[in-house]
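> Sequence first, predicted model second:
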Amino acid sequence: MLQIEQIRPELTWRLRREVLYPNSELSQMEMDEDKDGYHFGAFRDNQLAGVVSLFQDGTDFQFRKFAVVAQAQGTGVGTALLNYIMNFAIAEGAQRIWCNARVPAIGFYLQFGFERTGKLFSKNGLSYEIMEKIIRM
């Protein structure tokens, strides 16, 4: 059974590093804006299987540091987390939900109604595209 809960930001750091930045130090996982965001964890059998952080700027909500442990990828953990934060953001008044999607993950986000913006960039050797979903009331 999968449970999603709001968690403290520091509980996301180990999984962020393991999945997204395996060659980085744990101390590098903290973001200054962590204190201002919402952080969610997906737990399967009481083990943290996925994390995502959500940041609000008016009616815009950006999710970042979306990570699912390798053994749980393809099992619905990411889908459940993304659906959860989209519903959370909409309940909080979101009109736009967006992310910097790693290029290999673009297909995943397209399945949820996110659209490609054509805004591409590279950071730390990785390629990204900004993707967004406009919420129509």
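That came in fine, so what should we check first? Residues are numbered from 1 along each chain as shown.
> got the residue ranges for the strands in the protein?
2-6, 38-44, 47-57, 60-68, 96-102, 115-123, 126-134 (DSSP state E).
> out of those, which comes closest to Ser27?
Counting by CB to CB, Ser27 lies closest to strand 60-68 out of these; the figure is 15.1 Å. All C-beta spots, glycine's among them, are computed from the backbone N, C-alpha and C.
> Show me what that closest one pairs with in its sheet, parallel or antiparallel.
strand 47-57 (antiparallel), strand 96-102 (parallel) (DSSP bridges).
> returning to what we had before: could you dump the strands of the chain to TSV with mean pLDDT?
Converted to TSV, these look like this (pLDDT from 0 to 100):
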stretch	mean pLDDT
strand 2-6	95
strand 38-44	96
strand 47-57	95
strand 60-68	94
strand 96-102	96
strand 115-123	95
strand 126-134	95
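> Output the ones you listed in TSV, with distance to Asp32 appended to each entry.
Output for those, formatted as TSV (distance: least, CB to CB, whole Å):
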stretch	distance to Asp32
strand 2-6	20
strand 38-44	14
strand 47-57	11
strand 60-68	12
strand 96-102	17
strand 115-123	16
strand 126-134	20
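> No further queries at this time; thank you.
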